[in-house]
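1. quick one, structure for this:
(2 chains)
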Amino acid sequence: MESRRQDIEDRATEWLRDRERETWSQEDEIALRKWLDESVGNRVAFLRAQAAWEAVGRLKALGAGLPRRQVPPPETLDEIQLGLPGSVPEQPQPAPTPRRRYRAIVGIAASIVAIAGLAFASYSAWFTGDQYATPVGGVASLPLADGSRMTLNTDSRVRVNFNEHQRQIDLSQGEAFFEVAHEVERPFVVKSAGKRVVAVGTKFSVRRVGEAIQVVVTEGRVRVETGGDELAQALDFSNAKEHDQRLTLSAGAVASAWNNDIYVKNHPLPEAEEILSWRSGFLIFRGSRLAEAAFEFNRYNTRQIVLRDPVVANMQLTGKFRATNVDTFVALLEQTHGVEVERTDAAFVLSAPRAMLSE
Amino acid sequence: MDDSLDTWFKREILLHEALLLRYLRRVWPRRDEVQDLRQEIYVRVYEAARNVRPVSPRAFLLATARNLITDRVRRGRVVRIEAVGDPDVLNVIVDELSPERRLSAWQELKRVTRAFNQLPPRCREIVWLKKVDDLSMQEVADLLGLSVRTVENQVLKGMRLLSDTVFGAHPPVANRSSDVVMEGAEHGEP
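-> Numbers count the residues shown, from 1 in each chain, chains lettered A, B, ... in the order given. Sure thing, here's the model as predicted:
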């Protein structure tokens, strides 16, 4: 299947080729201009092909000392290049101006501060509050001192730190679901990846993936806040004014926050609940790609699913599976979908059914 | 028709194609859509630059890419939001903090040479004669004892390959088909 983009790029190179003909006329040029003006897509495709073609003209610099009409082998071109000025490693780079050097140092310093800040946060976490962690494949539910209940998903780590002003949870890894006891004067705050999820009395989950978090709300309202975090500020290159985003979510909302962007999708409540079916040990997929399903299974199992080709990664599936029972899941794919499986101690390597590949 | 905008686009934007593709491959789980996204991003950049030329083309290109991904996610397409949170992406952005680096003429020449040397032998030969020796299609055909049609087809082929490799090429990959496409493994949690 060829994409529309591919068609445009093919057409663009055909124009470029035609233009190299001796018969190229004024009318042809007008026709080309018309095509270029038809859409920006046409234009950028043409510019891209033209720029690459023009760049090849730079090889004249290498061909200068060579006999004409003889094409030098690749090694010759590489050798000529080695002899060119500028190719010696010691060749002085343009010295950075003081301002530039300063900016570079500030940039590096900012990153170090950010990293040091993070390191400190996790270091201090070991000394204050109660730590809880689950192993891969484990799910644990426990009551908290204020009457709230916390359910930790696989391979997760939290610190619970309550004082008279605030109930704070630091989720440094994984995912947790909270059923929060109502206390107006003492907000319940989950901190993760530099973002804050604030609730009064409600039910919601927070999942951390790298520097992003996903929040699912099943009851009441919660507020997601980003910004105020050194790392996010150091990394954000778009617009410093966008910091401190705040967004209130209600039941059924599934929100993802990365840096200072928050994406929200509202689902019917049962669907949002389904995302949290891990609490009873299940994974539910509805028309999901196998790549997504494998990603989920790999969170719960040390023996990983590895997908060998895009065809198998794009296969779709629907079903409800026990999260820790990866053997059954793989066996099912093998028997009902004809997926090829290679089993090692550490992994299941899946390839597309032969029939699909030979299409 | 704005020739200076075209020149700007060729000089300041296309130069970063390899970086753009690296970024897209990291945040977008469907490899087969990466080139389509690249084209869409170019369209957006070109259109935006009609009004104001961005001060830092490279940062602007990456920001445009990020916004496009965000739009796609909002529209609820197949992408997993987790992919956007891939920690590797941060490396690309951290890289942005360092002062803008322009390729030296020598580096550019090296890049072109590498792309050129990767062409299939016949195609490489014809591209050289056409572009470096400035021969006409007919002269190339006569010199090599080929039909003009064959020469033209080879020129077309060369143009197609070069438009992907001159700007978008990464150092040669051993075998593309052996790339394991596995979001779970690539975007896994630490």
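2. whichever strand or helix holds A:I30 and chain B in contact?
-> Following DSSP states H and E, the helix or strand that holds A:I30 is helix A:26-38. Yes: counting by C-beta under 8 Å from any C-beta of the partner chain, chain B has neighbours in helix A:26-38: A:33, A:37. All C-beta spots, glycine's among them, are computed from the backbone N, C-alpha and C.
3. give me the buried positions along that helix.
-> Under the neighbour-count criterion of 16 or more other C-beta atoms under 10 Å in any protein chain shown, helix A:26-38 has A:32, A:35-36 buried.
4. cool, stretch B:18-32 as well?
-> Neighbour count says stretch B:18-32 has B:18-24, B:26-30 buried, by 16+ other C-beta under 10 Å.
5. lowest pLDDT pick from those residues?
-> Among the buried residues of stretch B:18-32, B:P29 carries the weakest pLDDT, at 78.
6. can the next helix-or-strand element following the helix holding A:I30 be said to contact chain B?
-> Counting by DSSP H and E, the next helix or strand C-terminal to helix A:26-38 is helix A:40-56. Yes: for helix A:40-56, a contact with chain B is found by C-beta under 8 Å from any C-beta, at A:40-41, A:43-45, A:47-56.
7. please check the residues you listed and keep the buried ones.
-> If we count by 16+ other C-beta under 10 Å, the residues of helix A:40-56 next to chain B have these buried: A:40-41, A:43-45, A:47-53, A:55-56.
8. show me where the chain dips below the pLDDT cut-off.
-> Assuming you mean chain A. A:1-2, A:64-65, A:80-129, A:227-245, A:356-359 (pLDDT under 70).
9. hmm, I had chain B in mind actually
-> B:1-3, B:76-106, B:170-190.
10. could you chop it up by domain?
-> According to automatic domain parsing, chain B is divided into the following domains: B:1-79, B:101-190.
11. so the shortest one, near chain A or not?
-> Yes: in this structure, domain B:1-79 sits against chain A according to C-beta under 8 Å from any C-beta; the contacting residues are B:1, B:6, B:9-10, B:14, B:29-32, B:35-36, B:39, B:42-43, B:46-47, B:59, B:62-63, B:66, B:70, B:73-74, B:76, B:78.
12. mind checking which of the residues you listed are in strands?
-> Nothing among those maps onto strands, per DSSP state E.
13. out of those residues, which are buried?
-> Among the residues of domain B:1-79 next to chain A, those buried by neighbour count (16+ other C-beta under 10 Å) are B:6, B:9-10, B:14, B:29-30, B:35-36, B:39, B:42-43, B:46, B:59, B:62-63, B:66, B:73, B:78.
14. for the residue lying farthest from the centre of chain A, identify the helix or strand it belongs to.
-> Distance from the C-alpha centroid of chain A peaks at A:P67, with 51.5 Å (C-alpha atoms, centre = their mean). Using DSSP H and E, A:P67 is not contained in any helix or strand.
15. residues near the closest residue to B:Q118 other than its chain neighbours, how many?
-> Nearest residue to B:Q118, sequence neighbours excluded (C-beta to C-beta, 6 or more residues apart in numbering or on different chains): B:T165, at 6.1 Å. Residue neighbour count, defined by other C-beta atoms under 10 Å in any protein chain shown, stands at 21 for B:T165.
16. repeat that for the one 4 residues further on.
-> B:A169 sits with 17 neighbouring residues when counted by other C-beta under 10 Å.
17. isn't B:R122 right next to B:Q154, touching?
-> Yes: with contact defined as C-beta atoms under 8 Å, B:R122 reaches B:Q154; the gap is 6.3 Å.
18. okay, those two: which has more neighbours?
-> B:Q154 (24 against 14).
19. quick one: that one and B:R124 touch, right?
-> No: using C-beta under 8 Å, B:Q154 makes no contact with B:R124, being 9.3 Å away.
20. residues contacting A:F46?
-> With contact set as C-beta atoms under 8 Å, 6 or more residues apart in numbering or on different chains, A:F46 has these partners: A:12, A:15-16, A:36.
21. pull the most distant pair out of the residues you listed.
-> A:L16 and A:L36 (11.5 Å; C-beta to C-beta).
22. okay, now the nearest residue to A:A181 once chain neighbours are set aside: neighbour count?
-> Spatial nearest neighbour of A:A181, excluding adjacent residues (C-beta to C-beta, 6+ apart): A:G147 at 3.8 Å. A:G147 has 11 neighbours, counted by other C-beta under 10 Å.
23. now A:G147: which helix or strand?
-> Per DSSP H and E, there is no helix or strand for A:G147.
24. state the phi and psi torsions of the most centrally placed residue in chain B.
-> In chain B, the residue lying closest to the centroid (C-alpha atoms, centre = their mean) is B:G168, at 2.9 Å. B:G168 adopts backbone torsions of phi -100, psi 0, taken as degrees, to the nearest 10.
25. what sits against A:F285?
-> Here A:F285 is in contact with A:292-293, A:296, A:317-321 (C-beta under 8 Å, 6+ apart).
26. burial of the closest residue to chain B within chain A, as a residue count?
-> As assessed by C-beta to the nearest C-beta, chain B sits closest to A:A212 within chain A, at 2.5 Å. A:A212 has 24 neighbours, counted by other C-beta under 10 Å.
27. give me phi/psi at it?
-> Note on A:A212: backbone dihedrals following degrees, to the nearest 10 are phi -110, psi 160.
28. hmm, it is touching A:A257, no?
-> Yes: using C-beta under 8 Å, A:A212 is in contact with A:A257, at 6.5 Å.
29. any idea how far B:Q39 is from B:A65?
-> 12 Å (C-beta to C-beta, to the nearest Å).
30. now the helices for chain B?
-> Assigned by DSSP state H, the helices in chain B fall at B:3-8, B:17-27, B:34-51, B:57-74, B:81-84, B:87-95, B:105-117, B:121-127, B:137-144, B:148-165, B:183-186.
31. pick the most deeply packed of these.
-> Among the helices of chain B, helix B:81-84 has the highest mean neighbour count (mean count of other C-beta atoms under 10 Å in any protein chain shown), at a mean of 23.
32. quick check: A:M150 is in a helix.
-> No: under the criterion used here (DSSP: H, G, I helix; E, B strand; the rest coil), A:M150 is strand, not part of a helix.
33. contacting residues for it?
-> A:M150 neighbours (C-beta under 8 Å, 6+ apart): A:132, A:141-144, A:158, A:160, A:169, A:176-179.
34. 10 Å instead, please
-> Neighbouring residues of A:M150 by C-beta atoms under 10 Å, 6 or more residues apart in numbering or on different chains: A:132, A:140-144, A:158, A:160, A:169, A:171, A:176-180, A:190.
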